[in-house]
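> Sequence plus predicted model, see below.
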Amino acid sequence: MNVLQGLNQAQRAAVTAGRGPILVLAGPGSGKTRVLTYRIVYLVQEMQVSPWNIMAVTFTNKAAREMQQRLETALEGRLRGLTIGTFHATCARILRREAQQMVGYDADFVIFDTDDQRQVVRQALQELNLDEKKFSPNKMLAGIGAAKNELITPEQYAASNYISEVTHRVYQRYQEILLANNAMDFDDLLMNIVLLFDQRPDVLERYQQKYEHILVDEFQDTNTAQYALLKRLAAGHGNIFVVGDSDQSIYRWRGADFRNINRFRRDYPEAQMILLEQNYRSTQIILDAAKAIIRHNKDRVEKELFTERQGGARIVVHEFYNEVEEADMVVATIERLMLQGLDPGDFAVMYRTNSQSRVIEEAFLRAGLKYRLVGATRFYARREIKDLIAYLRLVHNPADSISFNRIINTPPRGIGAKTQGLLHSWAAGQGLQPAEALLRLVSDPDTQHPFAGRATAMLAGFGQMLREWLGLLRNGANAGDLLDAILQATDYRGYVDDGTEEGQDRWANVMELRGVAIEYGEVSLSEFLENVALISDVDDLEEEASAPTLLTLHAAKGLEFPAVFITGLEDGVLPHSRSLDDGEELAEERRLFYVGLTRAKDQLYLSYAFRRNLYGESAVTTPSRFLLDIPDQLLEGIGSGRSSGQRREETKRRASDWNWASPASTTAYRPGEWRPDSSYPESKSLPEPSRWTEPAGEPRQPAATQTQFRTGQKVSHAKFGEGIVIESKSTGNDEEVVVAFAGLGIKKLVASMARLEIRE
């Protein structure tokens, strides 16, 4: 096999580099996996390195399998002891082989998954007499994992406050329980092998001699423990070949540290550095936009991304009134392009957080268009959403034993399986469902029952909550009111939000459901639940390989699509609100956007909403600051005809005085008004790719019917001066108008009393 055939000059330089440390900085779509694979073939065929002296490390099992398949083809099946696998799989194999060198473990140790780990933490908390409600198992696990990723043992753990002191105690007991069970967690696989090598230099030397060449994929995603392991293994010979891109490091929240690339350059000053800058995926316009975004980050090596696919269709940027209109327009545009010949699998719709998928999923359902959801559970199938829907169903129908069984001890309230079984038997003996029996128990304390004192108290407590919710329903409470009462009474936030990234995402999903309930307004609980049941029928929707893909930007890493829609480009969404006051977090958000942009091959659609429902509240947004960094000549739509500086000033003005120009109109910024730059010829890849499509039927209107004022209208107020109507809706015999006044912000007014004058 001619391993150099078809490689560009930079790729050939990487594949044929000699011995010693080599750093390959590979831009998106530059063929890094091909280079890594061909490097191994070159080592075996041209440099006469035995396969069993090579170790190749990947970050996913899928990547390891793909590399192994390529190598089996290239080497005609002669892998002969070549080590390929993830960090964890490789470490597990070595630790089993060296188990006799580790105190307390044998070769049959088990590996605990996340659920096992939670059980161990709960056991540790119980033995330490610590309240699980105050010290969340997930939060304790996050602290323990962070320590292990930094190679900090329980003995080395330094507590700086009360929470870290508790974490330290739990960490100590947690490790003792693992050892007693001859078990390791995933972080132990990394930490224990580094500790073993430090304690037994002879063992380390044996593996240094065995692995004469070490190759690492996605090097920017390594953490401290992984980098420490690589340094130790390569210390004897220095033959370490790493491929990565600091601009695509987006997993800081789980321990990845892009600065390991800078550490590599510092630790190996003699290292060859090779840049892979030729992109085989995207058009030049998309690459130019990506470069404009990422160059604002510090501590990076500049890469001049280029492609033979010069020009291309301009990037479409569009403002919509709200997230519903945004989602409808995304789906309508996809439908039109499919009718013009594109395959359904050519499209990806991306967003920052999982909770944003709900409104997009519903838009696909309304259109009757199938889709694939990647990297997440469908919104209405998520555990926390099913929990809260079950609460509402039980309030609607206390005879619903299925919903009752789901939430009787969720969140945990001390009603165990034995008590639940006794409750079901007692209720059946009275011809009642369990919830109905509980309501009888709290309404008549003299009712004869079989429960002990503590069980009685717990059951009565839940029954009393249910009784109060039923009272709210009888008094006219809607779904939003009931959901608020349930969340408060059960402290559901304390149950799902433990301060970890996962917990915060779960709470964001809860708030998304709350926003849905509020949107339904005064409709009955019955009608709300009926609509949710029809929408959530998506749970049973068959997923097809050839269907538009919905996914978070984090899940998009390593994928590519002809047409990409990135939605929700507002400050507080992307970049995320948690990053706005943290320079490193903000830099990672920028890298995340960069990754999203570079997934697109032919066409890129960027959109944001004038108003967005977040955490159950609808609020006016500010366009993402990242949009300001894209040169105007690359854009079509809202930014057309204005320089980046002009757009930046306009956005600042919008943010300060809310003076938005026709925010509700989906046709306020006509693509045809932009004058093309001849240096960027139109792409022929997609038919009319830069046009958003109006959805079928009447356009969505944010305001209620029969209103005097309309969105975007100029008005004048005797006290506040001139302003722009943001929203107006009928409130029965009157009209409520939301107006943005220059220098004063937003005012909510009653039309009959405000005496607004129309200035148009």
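Happy to help now that I have it. Numbers count the residues shown, from 1 in each chain.
> Does Ile360 touch Thr353 like I think?
No - proximity of Ile360 to Thr353 does not meet the contact threshold set by C-beta atoms under 8 Å, at 11.9 Å. Every residue, glycine included, has its C-beta placed from N, CA and C.
> Enumerate every residue touching the closest residue to Gly414 other than its chain neighbours.
Nearest residue to Gly414, sequence neighbours excluded (C-beta to C-beta, 6 or more residues apart in numbering): Met458, at 4.8 Å. Contacts for Met458 were tallied using C-beta atoms under 8 Å, 6 or more residues apart in numbering; they are 413-415, 419.
> Which secondary structure state does Met458 sit in?
With DSSP: H, G, I helix; E, B strand; the rest coil as the basis, Met458 sits in helix.
> would you list every one of the strands in the stretch 201-350 of the chain?
213-216, 240-244, 272-276, 315-320, 347-351 (DSSP state E, counting those that start in this stretch).
> Redo the ones you listed as TSV? Include mean neighbour count.
Converted to TSV, these look like this (neighbours: other C-beta atoms under 10 Å):
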stretch	mean neighbour count
strand 213-216	23
strand 240-244	26
strand 272-276	19
strand 315-320	24
strand 347-351	26
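> Glu736: which of those strands is closest?
Nearest of the strands of the stretch 201-350 of the chain to Glu736, taken as C-beta to C-beta: strand 315-320 at 22.0 Å.
> What is the helix or strand hosting Gln69 packed up against?
According to DSSP states H and E, Gln69 maps onto helix 61-74. With contacts defined as 3 or more C-beta pairs under 8 Å, 6 or more residues apart in numbering; DSSP states H and E, helix 61-74 has these neighbours: helix 32-45, strand 54-58, strand 83-86.
> sorry, back to before: more neighbours: Ile360 and Thr353, which one.
Ile360 (27 against 20; other C-beta atoms under 10 Å).
> now the more buried one: how far from Thr167?
With the distance defined as C-beta to C-beta, to the nearest Å, Ile360 ends up 38 Å from Thr167.
> next one: Ser50
46 Å.
> ok, the two, which is more surrounded?
The residue with more neighbours, out of Ser50 and Thr167, is Thr167; 23 against 13, by other C-beta under 10 Å.
> Buried residues, whatever helix or strand the more buried one lives in. List them.
Using DSSP H and E, Thr167 maps to helix 162-180. By neighbour count on 16 or more other C-beta atoms under 10 Å, the buried set for helix 162-180 is 166-171, 173-175, 177-179.
> before we move on, what about stretch 582-602?
Those would be 585-602, for stretch 582-602 by 16+ other C-beta under 10 Å.
> Now go through those residues and say which are in strands.
Of the buried residues of stretch 582-602, the ones assigned to strands by DSSP state E are 600-602.
> could these go into TSV alongside distance to Thr549 and pLDDT?
Shown next, in TSV, are these (distance: C-beta to C-beta, whole Å; pLDDT from 0 to 100):
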residue	distance to Thr549	pLDDT
Ala600	13	96
Lys601	14	95
Asp602	15	94
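> By mean pLDDT, flag the weakest helix or strand of the protein.
helix 644-657 (a mean of 43; mean pLDDT, DSSP states H and E).
> any idea how far Val316 is from the residue of the chain most remote from its centre?
Relative to the centre of the chain, the most outlying C-alpha is that of Asp446, 52.0 Å out, by C-alpha atoms, centre = their mean. Counting by C-beta to C-beta, the gap from Asp446 to Val316 is 70 Å.
> likewise Thr83?
To Val316, Thr83 is 47 Å away according to C-beta to C-beta.
> cool, and Ser403?
44 Å.
> got it, and Leu128?
Counting by C-beta to C-beta, the gap from Leu128 to Val316 is 57 Å.
> cool, and Met102?
58 Å.
> Specify the beta-bridge partners of Tyr611.
Just to correct that, residue 611 is Arg rather than Tyr. Val620 (DSSP bridges).
> just checking, His296 touches Asp629?
Yes - if you go by C-beta under 8 Å, His296 and Asp629 touch, sitting 6.2 Å apart.
> And those two? Which one has more around it.
Asp629 (18 against 13).
> Per-residue pLDDT of that one, please?
On pLDDT, Asp629 comes in at 93.
> got it, and Gly414?
At Gly414, pLDDT is 85.
> Quick check: it is in a helix.
No - using three-state DSSP, the assignment for Gly414 is coil, not a helix.
> how near is Val564 to Glu212?
Counting by C-beta to C-beta, the gap from Val564 to Glu212 is 42 Å.
> Give me the below-cutoff pLDDT ranges for the stretch 301-450 of the chain.
375-377 (pLDDT under 70).
> all helices of it, in order?
According to DSSP state H, counting those that start in this stretch, the stretch 301-450 of the chain carries its helices in the segments 323-339, 357-367, 383-396, 401-407, 417-429, 434-443.
> Can you say which of those is nearest to Ser160?
Between Ser160 and those, the tightest spacing by C-beta to C-beta is seen for helix 383-396, at 32.0 Å.
> Can you list the neighbours in contact with the closest one?
Outside helix 383-396, the residues within contact range by C-beta under 8 Å, 6+ apart are 377, 379-380, 400, 402-404, 406-407, 410, 435, 466, 469-470, 473, 479, 482-483, 486-487, 490, 492, 496, 506, 509-510, 513, 525-526, 528-529, 532, 536.
> Stretch 95-104 too?
105-107, 109, 179, 182, 184, 189, 192-193, 196, 200, 203.
> do the same with stretch 194-205
95, 98, 101-102, 151, 153, 207, 225, 228-229, 232-233, 236.
> Just put the residues you listed in CSV and tack on neighbour count, pLDDT and distance to Ala17.
Output for the contacts of stretch 194-205, formatted as CSV (neighbours: other C-beta atoms under 10 Å; pLDDT from 0 to 100; distance: C-beta to C-beta, whole Å):
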residue, neighbour count, pLDDT, distance to Ala17
Leu95, 21, 90, 32
Glu98, 19, 90, 32
Gln101, 13, 85, 35
Met102, 19, 82, 36
Leu151, 18, 93, 30
Thr153, 13, 93, 38
Tyr207, 18, 94, 23
Ala225, 24, 92, 27
Ala228, 19, 94, 24
Leu229, 23, 95, 23
Arg232, 17, 95, 22
Leu233, 21, 95, 19
Gly236, 14, 83, 19
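> Spatially, which two of those residues are the most separated?
Among those, Thr153 and Gly236 lie farthest apart (C-beta to C-beta), at 25.5 Å.
> low-confidence ranges in the stretch 551-700 of the chain?
In the stretch 551-700 of the chain (pLDDT under 70), the answer is 615-616, 638-700.
> for it, what spans make up the strands?
Per DSSP E, counting those that start in this stretch, the stretch 551-700 of the chain carries strands over the ranges 561-566, 600-609, 611-614, 617-620, 635-637.
> Neighbouring strands - and their directions - for the first one?
Partners of strand 561-566 in the sheet, by DSSP bridges, are strand 347-351 (parallel), strand 600-609 (parallel).
> quick one, it and helix 357-367 angle?
Relative orientation of strand 561-566 versus helix 357-367 (axes from the mean of the first three to the mean of the last three C-alpha atoms, to 10 degrees): 120 degrees.
> how far is strand 561-566 from where the chain is centred?
Centre-to-centre, strand 561-566 and its host chain are 17 Å apart (C-alpha atoms, centre = their mean, to the nearest Å).
> How about the fourth one?
From the chain centre to the centre of strand 617-620 is a distance of 21 Å (C-alpha atoms, centre = their mean).
> Which of the helices or strands spans Arg467?
Applying DSSP H and E, one finds Arg467 within helix 453-474.
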